[in-house]
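>>> Generate a structure from the sequence data that follows.
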Amino acid sequence: MSSINSKNSRSVHRKKLTLSDDFSQVSVDQENLPKVPAKSTFSIHSRANNPCREYISATRRDYYKISLITKGGGTLTLGQRTYVIKAPAMMFINPLEPKIWEPEGEQDGYYCMFTENLFETHRRYRDELLHHPLFQTGANPVLNLSEKQGDYMLDIFERLVKENKDCNAYRLDAITIYLQLLLLESKRIGVSEIVPQRTLTTAQLLAERFTDTLEKQFPITSEQEQLQLKTAGDFAMALNVHPNHLNATVKRVTGRTTSEHIRQRILLEARLLLMHTDWPIALVAHSLGFEEPASFSHFFKSQTGNTPHTFRTL
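All right, here's what the predicted structure looks like:
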């Protein structure tokens, strides 16, 4: 069993930085860092062929990342917490926390990146992802593995690679299943050590209260339902805090404003309703809190480039 040492502080020598256009990620001396394609929901890479070289991520990311380290290691810094990692081990990175990675030695293994949209048709899986203990802000994101556990996780990753490469029928369904297996097995392995690790600051607790309150409004399953909390002011009132304080706190913790979170979640629900119901577009607009269908159409087109009607017929 390998070990992980936590440090209180560490100075980082920073080299030339490059900011990517789509995933707001800063790489160090690396122009072609593999990433989730802008219009995709999942990607997987070999750490030997596409190594995670030294880099510093920006605060805002739109994807989750799981790394399996079978050879080598490095130093991972999330916020103020630093971990020294040696193979075999796994790392779980959520979209909210800024990250610094400094590799050490020859690297091997895999890493996959995916967005919440991968689980659009599997709401239960999406909820499990959002509440997975290894992805929580403030949790220990590193999982030590025995040799046997490492071999088992490697087998799952190799199955993910095969499904992603072959492009067979039901490819995304298979990827979702293997990813769920990966999350379940990691939870089983880490159950004794990940629960006590989570200590949230006051700011993190408020940000989590906001995201939980936002998520509890969904899914919209009936034509009679209508979104009640639609603005930053609505959420501030519900949480009994000043709107400026809520917005500043959420932005500091997550990298996004409250309005950005609300807008993206409404957009996701709009896509789901347009794809999976036959409700008239006017009714979809009403359910999502828009007083006029034209306002909804303008919002949807500004975010996606398509009108709701065009999106539904694609």
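>>> where exactly do the helices run in the chain?
123-130, 147-166, 171-194, 202-215, 232-239, 243-254, 258-276, 281-287, 293-304, 308-313 (DSSP state H).
>>> Mean pLDDT for those - can I get that in a markdown table?
Putting those into a markdown table (pLDDT from 0 to 100) gives the following:
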| stretch | mean pLDDT |
| --- | --- |
| helix 123-130 | 70 |
| helix 147-166 | 92 |
| helix 171-194 | 80 |
| helix 202-215 | 87 |
| helix 232-239 | 95 |
| helix 243-254 | 92 |
| helix 258-276 | 89 |
| helix 281-287 | 95 |
| helix 293-304 | 94 |
| helix 308-313 | 91 |
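>>> Now that we have those, can you turn them into CSV and tack on mean neighbour count and distance to residue 141?
Just so you know, the C-beta spots here come from the backbone N, C-alpha and C atoms, and that holds for glycine as well. What follows is these, written out as CSV (neighbours: other C-beta atoms under 10 Å; distance: least, C-beta to C-beta, whole Å):
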stretch, mean neighbour count, distance to residue 141
helix 123-130, 15, 14
helix 147-166, 16, 15
helix 171-194, 17, 9
helix 202-215, 17, 14
helix 232-239, 17, 27
helix 243-254, 18, 16
helix 258-276, 18, 22
helix 281-287, 19, 37
helix 293-304, 16, 31
helix 308-313, 15, 36
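>>> wait, which of those helices is closest to residue 91?
Minimum separation from residue 91 across the helices of the chain (C-beta to C-beta) falls at helix 171-194, 10.5 Å.
>>> Contact partners for the closest residue in space to residue 88 that isn't next to it in sequence?
Nearest residue to residue 88, sequence neighbours excluded (C-beta to C-beta, 6 or more residues apart in numbering): residue 150, at 3.3 Å. By C-beta atoms under 8 Å, 6 or more residues apart in numbering, the residues touching residue 150 are 68, 70, 87-88.
>>> Would you mind measuring the gap between the ends of stretch 220-229?
Start and end residues of stretch 220-229 are separated by 13 Å (C-alpha to C-alpha, to the nearest Å).
>>> swap that for stretch 225-239, sorry
End-to-end distance (C-alpha to C-alpha), stretch 225-239: 22 Å.
>>> Check what contacts that stretch and list those residues.
Residues outside stretch 225-239 that contact it (C-beta under 8 Å, 6+ apart): 206, 209-210, 213-214, 217, 220, 242-243, 245-247, 257-259, 262, 266, 286-289.
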